[in-house]
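**Student:** Got a sequence here, can you build the structure:
(one chain, ligands or ions: 1)
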Amino acid sequence: MEEVKLLLIRSSPFAMSCALALRQKGIKFEEVHENSLPPKTDRLLRSNPVYKQVPVLIHNGKPVSQSLVILEYIEEAWPPSDTTPSLLPGSAYDRSLSRFWADFINKKFIETGLKLMKRFGEEHATARKEIVEQFITMEEGMRAIGSEGPYFLGDKMSLADVALVPLVPWLPSFEALGELKFPGPEQCGRMHKWLDAMRELPNVVASVPPADWLSQYTATLRRFIAEPYPGGA
Ligand SMILES: N[C@@H](CCC(=O)N[C@@H](CS)C(=O)NCC(=O)O)C(=O)O
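**Tutor:** All right, here's what the predicted structure looks like:
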């Protein structure tokens, strides 16, 4: 009997991607909620001693960390079969595209979005500008691939979609934290088609928190980051 646990915090975009990948593969797993504020648990420090961050996948007692590594691990540990879908497209070139966009989303887009919550001043102003540019870059990327969608590369979900799924609940938070508005369907039709399709999927709904809850949480956390000890010395 396999034992699969995912260490996460509910707001973590990277954890949402791992949870969706597990659900797409049909793998039963336990969600283990870590502290969203210090202190970190011994369990987290032991299982991810290098980065000390969530998400961590623990498969039969063995920890795997860094969400892109976890996603690749899930694809390899539960390989495609008649009953298990692949998270990668069929051709080597399309697989490279899916990995390329998953990497861009993970290292650029989501990290820029998190700066809207954590950073102030010039860094915040730069992030506000960059995140809108990156949204448009993804629209252009989808159009260059040339498929109708609704997924990033076409009619099947792949790593690029799994990496981007945190945008489903985080979009209103990014807009509020950055005091910005992403381009609408008239300018970014493929991105909005993607968002509309992803919002309807039961595995997505199960893997992301409600957008309203997240907006309140991120606004509170930003206030806390700005002034960790209100009224304190
Ligand atoms: N590159 C990592 C990023 C993970 C990450 O930033 N995790 C955040 C939550 S979203 C975290 O654990 N932050 C707590 C900390 O860094 O102390 C990945 O893709 O897994």
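**Student:** So which bits of this structure are right by the ligand?
**Tutor:** Counting by C-beta under 6 Å from any ligand atom, the residues of the chain lying close to the ligand are 12-14, 53-55, 66-68, 106. All C-beta atoms are positioned from the backbone trio N, CA, C, and that covers glycine.
**Student:** Which ones among the residues you listed map onto helices?
**Tutor:** Using DSSP state H, the members of the residues of the chain next to the ligand that fall within helices are 13-14, 67-68.
**Student:** Which of those residues sits closest to residue 29?
**Tutor:** Each of these was checked against residue 29 using C-beta to C-beta; the closest is residue 67, at 14.7 Å.
**Student:** any idea how this structure splits into domains?
**Tutor:** What automatic domain parsing lists as the domains of the chain is 4-77, 92-223.
**Student:** need those in CSV with mean pLDDT and mean neighbour count, can you?
**Tutor:** Converted to CSV, the domains of the chain look like this (pLDDT from 0 to 100; neighbours: other C-beta atoms under 10 Å):
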stretch, mean pLDDT, mean neighbour count
domain 4-77, 98, 18
domain 92-223, 98, 18
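**Student:** for these, which one sits closest to residue 85?
**Tutor:** Across these, the minimum distance to residue 85, taken as C-beta to C-beta, is reached by domain 4-77, at 6.0 Å.
**Student:** Tell me what the closest residue to residue 51 other than its chain neighbours is bridged to.
**Tutor:** In space, not counting the residues next to it along the chain, residue 51 is nearest to residue 65; the distance is 6.2 Å by C-beta to C-beta, 6 or more residues apart in numbering. Each beta-bridge partner of residue 65 is listed here: residue 56, as defined by DSSP bridges.
**Student:** Going forward, the N-terminal residue is numbered 94.
**Tutor:** Got it, the first residue is 94 from now on, which makes the last one we talked about residue 158.
**Student:** Enumerate every residue touching residue 158.
**Tutor:** Contacts for residue 158 (C-beta atoms under 8 Å, 6 or more residues apart in numbering) come out as 140-141, 143-144, 146, 148-150.
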